[in-house]
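1. Return atomic coordinates for the entry below.
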Amino acid sequence: MERDRGVIEVLNELVARRPRWGFWKLYDRSRLDGHVINHKRLHRVYCALKLNLPRRTKRRLPTRLRQPLLAPLRLNEIWALDFMADTLYSGRAFRTFNVIDEGNREVLGIEVAHSIPSLRVIRVMEQLIELYGKPLALRLDNGSELTSIAFTEWCLERQIELRFIQPGKPDQNAFIERFNKTYRDEVLDAYVFESIDQVRAITEDWLREYNEERPHDSLGRVPPP
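-> Below is the predicted model:
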């Protein structure tokens, strides 16, 4: 393995920073970092280091059929919204409110709190619009926060179209569903959180890497532009 020492160092550094990534994401990241390593050689070393073996047991989300969903051609054409739920070590529940731009898959924001009512959703959306501009439409499910009078009237005043998915058909919001799976696997299921501040801090660090460094298959295996 002496002649592969440089490859081993590259892999160990990547895996230390991104323990949940598989081989192809590590390979793509190594190329983006400027390392010119043949993928067959990298895979041979990857297997020799036993990095291809499962590194922990994880909770599986229900299997869903992948449905084709055409991505918008422009930024701020459609934002996708969704909520997630989990618990702290104490058993206290918390939620996240996730927003992505379907045009480039950039995650615009993840709000983390014990409670996220519709008025808080509106406040988050106002902050995101201030940063990124106003979307033409929102893709969302039929949760009470997103069907509330306050939220729907706010969208009407803002002239933002609401595109509700059919109940029980999360595949109709496939872009954010795929993101949610990644976020759960690499953050929510990967750590034992003692406080809501810990969730926010880990999420903020991970989100910066997700948007700026992570290769995305749907974008030609490069980070969001």
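
2. low-scoring stretches of the chain, by residue?
-> In the predicted model, the chain carries pLDDT under 70 at residues 1-2, 36, 50, 52-73, 215-225.

3. Against residue 98, how distant is the most centrally placed residue in it?
-> With distances taken as Cα atoms, centre = their mean, the residue of the chain nearest its centroid is residue 179 (3.7 Å). With distances taken as Cβ to Cβ, to the nearest Å, residue 179 is found 7 Å from residue 98. From N, CA and C alone the C-beta is placed, and that goes for glycine too.

4. Give me the common contacts of these two.
-> Common contact partners of residue 179 and residue 98 (Cβ atoms under 8 Å, 6 or more residues apart in numbering): residue 107.

5. re the thing from before, does the residue nearest to the centre of the chain touch residue 108 like I think?
-> No: if you go by Cβ atoms under 8 Å, residue 179 and residue 108 don't touch, sitting 11.2 Å apart.

6. Which residues are in contact with each of those two?
-> What both residue 179 and residue 108 touch, as defined by Cβ under 8 Å, 6+ apart, is the set residue 100.

7. On the three-state scheme, residue 109 is what?
-> strand (DSSP: H, G, I helix; E, B strand; the rest coil).

8. contacting residues around residue 29?
-> Here residue 29 is in contact with 14, 18, 21, 213, 214, 215 (Cβ under 8 Å, 6+ apart).

9. thinking again about what came up before, wait, what's in contact with the residue nearest to the centre of the chain?
-> Counting by Cβ under 8 Å, 6+ apart, residue 179 touches 98, 100, 105, 107.

10. so how far is residue 5 from it?
-> Applying Cβ to Cβ to residue 179 and residue 5 gives a distance of 37 Å.

11. Next: residue 113.
-> On the measure of Cβ to Cβ, residue 113 and residue 5 end up 47 Å apart.

12. okay, the two: which has more neighbours?
-> Each of residue 113 and residue 5 has its neighbours counted (other Cβ atoms under 10 Å); residue 113 has more, 15 against 10.

13. Quick check: phi and psi on that one?
-> Main-chain torsions, residue 113, degrees, to the nearest 10: phi -160, psi 160.

14. One more: residue 170?
-> When quoted as degrees, to the nearest 10, the phi and psi of residue 170 stand at phi -60, psi -20.

15. Would you mind naming the helix or strand containing residue 26?
-> Take DSSP states H and E as the rule and residue 26 turns out to sit in helix 23-32.

16. so what's residue 100 up against?
-> Counting by Cβ under 8 Å, 6+ apart, residue 100 makes contact with 79, 80, 106, 107, 108, 175, 176, 179.

17. partner strands of the helix or strand harbouring the first one, parallel or antiparallel?
-> Residue 79 is located in strand 78-87, with elements delineated by DSSP H and E. On the basis of DSSP bridges, the sheet neighbours of strand 78-87 come out as strand 93-101 (antiparallel), strand 137-140 (parallel).
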